[in-house]
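pasted the sequence and its predicted model underneath.
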Amino acid sequence: MVERFLRYSLERGQRICVVTMDEAGAMAKMNLLVTAIDEDGAGFTAKRPGRKLSKHYALSSVLTATYARGDQGALE
């Protein structure tokens, strides 16, 4: 299900909301705009709102993903 939201963000240019867990076990909820998905599907690159640089995230660190606030996922 997470992969579906990553593809949605990449293909439509829409932000998604994800919950990640780091190595220390701390969870973080953030909005991301996916800019690339790895060929092997093990990770993805995304930008956070208000930040200029993209960051790489491991797919294994993502616990869940959903539509960002205000987005109902309607196709045009």
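Looks like it arrived, so ask away.

output the longest strand belonging to the chain.
Longest strand of the chain, by residue count under DSSP state E: strand 27-37.

which secondary structure elements does that strand contact?
Under the contact definition 3 or more CB pairs under 8 Å, 6 or more residues apart in numbering; DSSP states H and E, strand 27-37 sits against helix 2-12, strand 16-21, strand 43-47. Using the backbone N, CA and C atoms, a C-beta is placed for each residue, glycine as well.

which of these sits closest to residue 67?
strand 16-21 (6.5 Å; CB to CB).

distance check, the residue sitting nearest the centre point of the chain against residue 24.
Centroid-nearest residue in the chain: residue 32, 4.8 Å away (criterion: CA atoms, centre = their mean). As judged by CB to CB, to the nearest Å, residue 32 and residue 24 stand 20 Å apart.

before we move on, the earlier item: run through the bridge partners of the residue nearest to the centre of the chain.
Beta bridges link residue 32 to residue 16 when assigned by DSSP bridges.

and if you look at the one 5 residues further on?
In this structure, residue 37 has the following beta-bridge partners (DSSP bridges): residue 44.

what's around it, how many residues?
Burial measure for residue 37: 18 neighbouring residues, criterion other CB atoms under 10 Å.

thought it was touching residue 57?
No: Residue 37 is beyond contact range of residue 57, at 10.4 Å (criterion: CB atoms under 8 Å).

so who does the residue nearest to the centre of the chain touch?
Applying CB atoms under 8 Å, 6 or more residues apart in numbering to residue 32 gives the contacts 9, 15-18, 46-48, 57.

now residue 18. Nearest residue, chain neighbours left out?
Using CB to CB, 6 or more residues apart in numbering and skipping the chain neighbours, the partner closest in space to residue 18 is residue 65 (4.6 Å).

I should have written residue 7 there, sorry.
Among residues not flanking residue 7 along the chain, residue 37 sits closest, at 7.2 Å (CB to CB, 6+ apart).

what's the closest of the helices and strands packed on strand 27-37 to residue 69?
That would be strand 16-21 among those, by CB to CB, at 7.2 Å.

I'm done for today, thanks for sticking with me.
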